[in-house]
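*Asks:* Pasted the sequence and its predicted model underneath.
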Amino acid sequence: MGLALLAPLLLVACGGPLSSLDPATEATARIAGLWWVMLIAAVVILAGVTGLFLWTFKEGRGSAPVSPRVFLLGGGLIFPMVTLAALLVYALGFGQWLLSRPGEDVVRVEARGHQWFWEFTHHAADGEVVRTVNTLHLPAGRPIEVTVVSADVIHGFWLPRLAGKIDAVPGHPNLLRIDAAGPGTYQGVCVEFCGLDHARMRFAAIVHPADRWADVLRALVNGAEGGGP
Ligand SMILES: [Cu+2]
């Protein structure tokens with residue numbers, strides 16, 4: 001009964017424009033999946049250790065169901081080593097897949113962090129360059145590679161529902177891959193403390209239908225806002 005009441009509350013709490021637990025792409029769905037696996041594993045481990053602790057209290061000293069040697073070696077050494085090694089191998093492979101994957105028809109944009117705003121650079125088909133502030137325009141259904149850099153201090157680029165997060169480091173471009181399946185407006189935020197106005201360093205990514213992408217770029221070149229999705 002308790003769980004039945006709790007589940008809808010948890011789902012509501014996990015929603016919202018800046019929630020990585022409300023994924024809109026395959027990449028963020030896999031990130032959210034990994035988060036849930038880690039949460040459940042952490043709860044199971046905590047419950048097990050608490051259970052052993054309470055058992056010892058209840059039954060008295062020396063009555064634990066496992067010997068101290070097994071508990072220390074198994075629980076303190078072997079189990080964390082195996083678990084952390086498995087997580088490390090998975091995370092390295094997944095991180096590589098997440099950051100940059102080869103693909104045809106890749107759309108390349110640049111995100112440059114400033115104290116305290118984001119400057120985005122888009123490239124139109126005729127070679128024109130379009131810069132926007134705090135609004136990133138993207139096409140749906142095409143692989144997108146965002147080059148993330150900084151003009152001053154270290155910032156953190158994060159679009160929770162669309163992609164993973166990556167640091168914006170001065171003089172060191174980082175690549176972030178985005179595959180946005182459908183149009184929409186997604187919220188992003190700076191996630192590295194970068195000074196007084198860090199908390200207000202938000203931005204939006206507008207994902208446009210693929211067949212409107214050329215028109216959007218043309219409108220941006222002509223000084224329009226590019227419209228909604
Ligand atoms: Cu910041």
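*Replies:* That came through fine. Here the structure is a predicted model, which is why all the values come from computation and not from measurement.
*Asks:* can you tell me which residue is nearest the centre of this protein?
*Replies:* In the chain, the residue lying closest to the centroid (Cα atoms, centre = their mean) is Gly164, at 2.8 Å.
*Asks:* That one and Ala205: what is the separation?
*Replies:* Note on Gly164: its distance to Ala205, by Cβ to Cβ, to the nearest Å, is 14 Å. C-beta coordinates here come from the backbone N, C-alpha and C atoms, glycine included.
*Asks:* cool, Lys165 as well?
*Replies:* Distance from Lys165 to Ala205, counting by Cβ to Cβ: 13 Å.
*Asks:* Between these two, which contacts overlap?
*Replies:* Leu159 (Cβ atoms under 8 Å, 6 or more residues apart in numbering).
*Asks:* Give me the residue ranges of this structure where confidence is low.
*Replies:* By pLDDT under 70, the weakly predicted segments of the chain are 1-14, 60-64, 100-102, 224-229.
*Asks:* one more time with 80
*Replies:* Scanning the chain with the threshold set as pLDDT under 80 gives 1-16, 18, 56-68, 71, 96-104, 125-126, 223-229.
*Asks:* can you pull out the strands in it?
*Replies:* Ranges of strands in the chain, per DSSP state E, are 107-114, 117-123, 129-133, 135-139, 143-150, 155-158, 165-168, 174-179, 184-190, 202-208.
*Asks:* picking up where we left off before, give me the more crowded residue out of Lys165 and Ala205.
*Replies:* Counted by other Cβ atoms under 10 Å, Lys165 and Ala205 do not tie: Ala205 has more neighbours, with 25 against 18.
*Asks:* my guess is that one contacts Tyr186, does it?
*Replies:* Yes - between Ala205 and Tyr186 there is a contact under Cβ atoms under 8 Å: 4.7 Å.
*Asks:* picking up where we left off before, of the strands of the chain, give the one that comes closest to Val216.
*Replies:* strand 202-208 (4.9 Å; Cβ to Cβ).
*Asks:* hang on, the earlier thing: got phi/psi on the residue nearest to the centre of the chain?
*Replies:* The phi/psi pair for Gly164 (degrees, to the nearest 10) reads phi -70, psi -180.
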